[in-house]
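# need a 3D model of the sequence below.
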Amino acid sequence: MPIDDILLHIEEEMDSAVNYLREEFGGIRTGRASSGLVDHMKVDYYGSPTDLRQLASIATPEASLIVIKPFDPASIKDIEKTIKASGLGINPMVDGKIIRLQVPPLSIERREQLVGQLKKMAEACRVTIRNARRDGNKTADKEQKESVLTEDECKKCKNSIQDMTKKYEGMVNDALASKTTEVQET
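Numbering: from 1, shown residues only. Predicted coordinates for the structure are as follows:
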């Protein structure tokens, strides 16, 4: 496997880990309303789990309000049930064909809990990135043993993987800092 293929594979793994973290951060509740809180909820729609965003339009007309308007009014009960079971701590208010979610402000203790949760999620992403680095280094060593890569090429590949690791860990740190600031704002 040439160096470019090894690096491309490792970069794809690291990139998907960071993208997954950003999606997860989008679902963390802050003091203001965000459609990311409910976007990825799986609603049991006629027996198959379906993302809420595929079943309804989601809007945030105010800083503390999320409005969900199902495309199929018959699914409103399923959506309501999913939101209640989600553990968000928000009680849906059904108003005819619309569901309203009033997002209450967070207490200081809850904000601290959320920051702790964010840190755990970020560390799990860093571990995934480091595992990708380890796998890339193993692949480079294997290719060197099989005489596909020279010793210099192997060293160059490992240095590139390390640089990539630093870059993606920096992205994780930036995402964590940004979301932590967002959670701690009043």
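# show me what whatever helix or strand residue 118 lives in is packed up against.
Following DSSP states H and E, one finds residue 118 within helix 108-145. Using 3 or more Cβ pairs under 8 Å, 6 or more residues apart in numbering; DSSP states H and E, the elements in contact with helix 108-145 are helix 3-26, helix 151-184. Backbone N, C-alpha and C define where each C-beta goes, glycine included.
# any idea which of these gets closest to residue 87?
Nearest to residue 87, of all the helices and strands packed on helix 108-145, is helix 3-26, at 14.6 Å by Cβ to Cβ.
# chain center to that closest one, what's the gap?
12 Å (Cα atoms, centre = their mean, to the nearest Å).
# any low-confidence regions in the protein?
Residues of the chain meeting the criterion pLDDT under 70: 29-31, 186.
# could you chop it up by domain?
3-26+107-184, 35-102 (automatic domain parsing).
# mean neighbour count added to those, as a markdown table?
Compiled in a markdown table, the domains of the chain are given as follows (neighbours: other Cβ atoms under 10 Å):
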| stretch | mean neighbour count |
| --- | --- |
| domain 3-26+107-184 | 16 |
| domain 35-102 | 15 |
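# residue 64 and residue 115: what is the separation?
According to Cβ to Cβ, to the nearest Å, residue 64 and residue 115 sit 21 Å apart.
# do residue 58 as well
26 Å.
# picking that back up, including distance to residue 100, could the helices and strands packed on helix 108-145 go into JSON lines?
Written out in JSON lines, the entries for the helices and strands packed on helix 108-145 read as follows (distance: least, Cβ to Cβ, whole Å):
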{"stretch": "helix 3-26", "distance to residue 100": "21"}
{"stretch": "helix 151-184", "distance to residue 100": "23"}
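# can you tell me how far residue 156 sits from residue 130?
Residue 156 is 20 Å from residue 130, by Cβ to Cβ.
# over to residue 149?
22 Å.
# roughly how far does residue 162 sit from residue 140?
11 Å.
# do residue 89 as well
For residue 89, the distance to residue 140 - Cβ to Cβ - is 47 Å.
# just to be sure, residue 61 is in a helix?
No: looking at residue 61 with DSSP: H, G, I helix; E, B strand; the rest coil, it is strand, so not inside a helix.
# and the closest residue to it other than its chain neighbours, what helix or strand is that in?
Excluding its sequence neighbours, the residue lying closest to residue 61 (Cβ to Cβ, 6 or more residues apart in numbering) is residue 67, at 6.0 Å. Element membership for residue 67, per DSSP H and E: strand 65-70.
# contacting residues around that strand?
Contact with strand 65-70 is made by 33-35, 37-38, 52, 55-61, 76, 79, 92, 97-103, as judged by Cβ atoms under 8 Å, 6 or more residues apart in numbering.
# could you rerun that using 6 Å?
33, 55-61, 76, 79, 98-101 (Cβ atoms under 6 Å, 6 or more residues apart in numbering).
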